[in-house]
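Chemist: fold the following.
(chains A and B)
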Amino acid sequence: MYTHIFIIKSISMKKILMAGILVSCSTSLFAFCGFYVSKASGTLSNKTSQVILARDGRKTVVTMYNDFKGNIRDFAMVIPVPVLLQKKDIRVVEPGIFQRLNDYSSPRLVEYYDVNPCMPRVYEKDDLMSVQESVVMKSPKAAPTARGYGVTIEAQYLVGEYDILILGAKESSGLQRWLSDNGYKIPESAEEVLEPYIKSNLKFFVAKVNPKQATALNNGFLRPIQISFASEKFILPIRLGMANADGDQDLVIYGLTRRGRIECTNYRNIDIPSDRNIPLFVKKNFGAFYSNLFQHQWNNEGRNLAFLEYAWDITPINPMKCDPCVGNPPTQQELLTAGAWWLKQADWSDYSDPDMDLPDGNNQTFFTRMHVRYNRNDFPQDLAFQVTPNRNHYQARYIVTHPANGDLSCDEGRTYLRELKARRKKELRQLLSLTGTNMHNWQKDLLSSDAARHEPEIAYAHVADELKNETETEGQGAGMMAWVSALMIGSAGFLRWKGMI
Amino acid sequence: MQPFTPDARIFQVLFQSIFLIYGTVYLEWAQRSWLYAVYIATAIITQLICEAWLRKHIAKPWEARWWKLTLPGLPSALITAMGLCLFLQTNHTTIAIAAAMLGITAKYFIRIRGKHIFNPSALGIVAAVWLTGEAWVNPGQWGNGFVQFSGALILGIIVVTRVQKLDISLAFLFTYIAASFIRQVLYLQWPSDFFYQSVSTGTLLVFSFFMISDPKTTPDHPIARIIWGIMVGLLGFWLHSFEYINGAPVLALVLLQPFVPLFDMICRSSRFQWNRLPVQHVHAHIHH
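Modeler: Purely as a prediction, here's the structure:
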């Protein structure tokens, strides 16, 4: 009865920006939890990073997306890690995995079609569109050697196209001098976090591109680095990444666990609003809609929090890995690539470590997608996580509905039109409250939306005009809380005065 | 036995309800509402059953006298339920029921010299999280705005009523905050907003003023109370900073509560009695 047609539309960055009036922040995918350093005097920025965290027991596998687009010889990266990594703990993986996980878990738009009540025929279909945030990225740089700075090179590996050093340091100024003397341009503000990291016994994972290996790379794309280690700490060091970032940075975290959702333990977690009916014209501009929505919710909720965008049980044997799907669910092989080592059955070799638990055949896998927009002021601490036993599914899903076609002059048809108008009013209100915009921002979309229809009174432009005349009441909640509190303090004082308590 | 007057525990329940409403409405814990009903219903029913059992030779539940004896104890069951609502998350009804039942029954049956050992909500939380593995606590759930809100509210009420005996809350809070300051700012040299973020969690505040402060599960002697508060603060800090345990103060509290009778033996003091105090306390307790 239902035909599901899944359309995945890529919305290019340019398009999002063209929808410009609405876009108050650029959403691009890339970067890292470490920071880029550079010899070049170009401005460095890493606005959106993607990272995969696979965690079970004490073991964590971290995969960091690399979308570096400059001269790869300029690439360099520094990440604090809790243990001294061995060569077998570091590998490079194919970059496609990030695209797969992103496509699969992106916020989605679902389309429904109304049935013409005057023509009793069933015709329904769902269309899907996912926010394909496109990718913008700028440069970094590097090259290292030596000692005499209180810095020890504890290990040195060549992994894939990367030269990797694991540094231990005694004090931050030495580390800073070492890095700058070896050609790493260190942002001044980085020292504020280097010292606490050193004192916490963290090691510094420094990667740059090995020129010889790099030439062998096809089309010059760098592959993501994946590291694995055992530690009670389940944190993502974002503070170092803030060092060279101006303003807000986006981070998309894909969590893979055996137990359930991951959540942030030192910041608030909330679900991004979902299952909302929004106007049909948003379909053309879903990317812009979502970035507005995100920005607005982020501001509205106080900024220092993490949003849940997707949570689903993707255990390989689970038949329903999404509903509806915007991208193919990741396969067992892809999940292994992403770091979910417990899915590996017999040949356990890559990550063998006496500390770590071996696969026990339990291949439960739960997927969480979190989206964090951070900056220095609102995020004084690195992100700390925990794995919870919460296996509830969640998805960011928005619904548009196509009106019925054809002749609507029968009685049911007229009722339908009345209802449609009321519904569209609701959709518009929803749109404005979700995105924190006003009707004026959507003027162009309103006019172009369904002007061709022959019932002008249900056109969005017309409904919007009516809506403008209605007054809106919002934001009374906080005032009410203040009143309740004042009342409580007052009554407590009164009772005390009367000697009752 | 106290008559059922609008005593200070009612204020504690009101406080906790306000926090719960704040959480549900502003912090969007909405998906958890069903849990609250389970905790509250289970706690009250368990309390009634325990009361019926313990008073079976004195009065029967169908007699008015029984209700007269039982009703004054109900606010403490509510306080236990509220404590669970504010901390413990789970997706399983059975675990929610078990946690509330365990907390309340332990209050009646795990006792030394007539004093119960464990704080009912803390015990329920610890058992659910660390024994079943299907429940969890998240200190991040409060965000940062909560501290300003609840801090002002708590302070306001304390100032106007002076119902709260603060010694143990302050001993704990001061120790925990001082230890965090020494480690994070003085030793690790994190900037001060890092430190503020870690001590401004709502969990710490709710714990200090509504959980550890229960006079029935803390030592009787004033000095012993302070020392014990400091011990909970230190253990909580250690579990949080070095063992990376979420909800560390609650675990520390439960781990240290078995030592309370020892403190009472060493520092003999007049047993805590509700009616001897000039003002009533805002605490969960039972009347036997």
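
Chemist: burial count for the residue of the stretch 1-150 of chain A found nearest chain B?
Modeler: Residue of the stretch 1-150 of chain A nearest chain B, by C-beta to the nearest C-beta: A:Arg58 (10.1 Å). For the C-beta atoms, the positions are set from N, CA and C on the backbone; glycine is no exception. Look at A:Arg58: counted by other C-beta atoms under 10 Å in any protein chain shown, it has 14 neighbours.

Chemist: and what of A:Ser105?
Modeler: A:Ser105, neighbours per other C-beta under 10 Å, totals 26.

Chemist: what do you get for B:Ser150?
Modeler: Number of residues near B:Ser150 (other C-beta under 10 Å) recorded here: 20.

Chemist: grab the nearest non-local neighbour of it.
Modeler: B:Leu205 (5.6 Å; C-beta to C-beta, 6 or more residues apart in numbering or on different chains).

Chemist: again, but for B:Val185
Modeler: Nearest to B:Val185 is B:Phe195, by C-beta to C-beta, 6+ apart, at 5.0 Å.

Chemist: show me what the one helix or strand that neighbour maps to is packed up against.
Modeler: Assessed by DSSP states H and E, B:Phe195 sits inside helix B:192-199. Applying 3 or more C-beta pairs under 8 Å, 6 or more residues apart in numbering or on different chains; DSSP states H and E, we find helix B:192-199 packed against helix B:167-180.

Chemist: mind doing that once more with 10 Å?
Modeler: helix A:191-199, helix B:167-180 (3 or more C-beta pairs under 10 Å, 6 or more residues apart in numbering or on different chains; DSSP states H and E).

Chemist: what are the buried residues along it?
Modeler: B:Phe194, B:Phe195, B:Tyr196, B:Gln197, B:Ser198, B:Val199 (16 or more other C-beta atoms under 10 Å in any protein chain shown).

Chemist: cool, stretch A:323-331 as well?
Modeler: In stretch A:323-331, counting by 16+ other C-beta under 10 Å, buried: A:Cys325, A:Val326, A:Gly327, A:Pro329, A:Pro330.

Chemist: and if you look at stretch A:94-108?
Modeler: A:Ile97, A:Phe98, A:Gln99, A:Arg100, A:Leu101, A:Asn102, A:Asp103, A:Tyr104, A:Ser105, A:Ser106, A:Pro107, A:Arg108.

Chemist: and stretch A:389-396, how far out from the chain middle?
Modeler: Taking the mean of its C-alpha atoms, stretch A:389-396 sits 16 Å from the chain's own mean (C-alpha atoms, centre = their mean, to the nearest Å).

Chemist: buried ones in it, by neighbour count?
Modeler: A:Pro389, A:Asn390, A:Arg391, A:Tyr394, A:Gln395, A:Ala396.

Chemist: report pLDDT for A:Phe366.
Modeler: At A:Phe366, the predicted lDDT confidence score is 94.

Chemist: that one against A:Lys321, yeah?
Modeler: No. In this structure A:Phe366 lies outside contact range of A:Lys321 using C-beta atoms under 10 Å: 11.0 Å.

Chemist: between those two, which contacts overlap?
Modeler: Counting by C-beta atoms under 10 Å, 6 or more residues apart in numbering or on different chains, the residues touching both A:Phe366 and A:Lys321 are A:Trp312, A:Asp313, A:Ile314, A:Thr315, A:His393.

Chemist: among these, which pair sits farthest apart?
Modeler: A:Thr315 and A:His393 (12.4 Å; C-beta to C-beta).

Chemist: find residues that contact each of those two.
Modeler: Any residue near both A:Thr315 and A:His393 by C-beta under 10 Å, 6+ apart counts here, and that gives A:Lys321, A:Phe366, A:Phe367.

Chemist: so which of the residues you listed sit within strands?
Modeler: Cross-referencing those against strands under DSSP state E gives A:Phe366, A:Phe367.

Chemist: just the shared contacts of A:Thr315 and A:His393 now: which is nearest A:Ser274?
Modeler: Checking the shared contacts of A:Thr315 and A:His393 one by one against A:Ser274 (C-beta to C-beta), the nearest turns out to be A:Phe367, at 16.1 Å.

Chemist: quick one, longest helix in chain A?
Modeler: helix A:411-435 (DSSP state H).

Chemist: what packs against it?
Modeler: Using 3+ C-beta pairs under 10 Å, 6+ apart, helix A:411-435 is in contact with strand A:276-277, helix A:286-300, strand A:397-402, helix A:443-449, helix A:460-469.

Chemist: near chain B too, which of the buried residues of stretch A:389-396?
Modeler: A:Pro389, A:Asn390, A:Arg391, A:Tyr394 (C-beta under 10 Å from any C-beta of the partner chain).

Chemist: ok, of these, which one's closest to chain B?
Modeler: Closest to chain B, out of all of these and judged by C-beta to the nearest C-beta, is A:Pro389, at 4.7 Å.

Chemist: once you drop chain neighbours, what's closest to B:Arg65?
Modeler: Nearest non-adjacent residue to B:Arg65, counting by C-beta to C-beta, 6+ apart: B:Ala59, 4.6 Å away.

Chemist: check A:Leu447 too.
Modeler: Among residues not flanking A:Leu447 along the chain, A:Ala461 sits closest, at 5.4 Å (C-beta to C-beta, 6+ apart).

Chemist: now A:Gly339. Its backbone dihedrals?
Modeler: phi 110, psi 0 (degrees, to the nearest 10).

Chemist: now A:Asp382
Modeler: The phi/psi pair for A:Asp382 (degrees, to the nearest 10) reads phi -60, psi 160.

Chemist: report pLDDT for it.
Modeler: Residue-level pLDDT assigned to A:Asp382 equals 90.

Chemist: residues in contact with it?
Modeler: Counted by C-beta under 10 Å, 6+ apart, A:Asp382 has contacts A:33, A:80, A:193, A:196-197, A:233, A:235-241, A:266, A:374, B:194.

Chemist: 7 Å - rerun?
Modeler: A:Ile235, A:Leu236, A:Pro237, A:Ile238, A:Arg239 (C-beta atoms under 7 Å, 6 or more residues apart in numbering or on different chains).

Chemist: between those residues, identify the one with the most neighbours.
Modeler: A:Arg239 (27 neighbours).

Chemist: isn't it up against A:Val193?
Modeler: Yes. The criterion here is C-beta atoms under 7 Å, and A:Arg239 meets it with A:Val193 at 4.5 Å.
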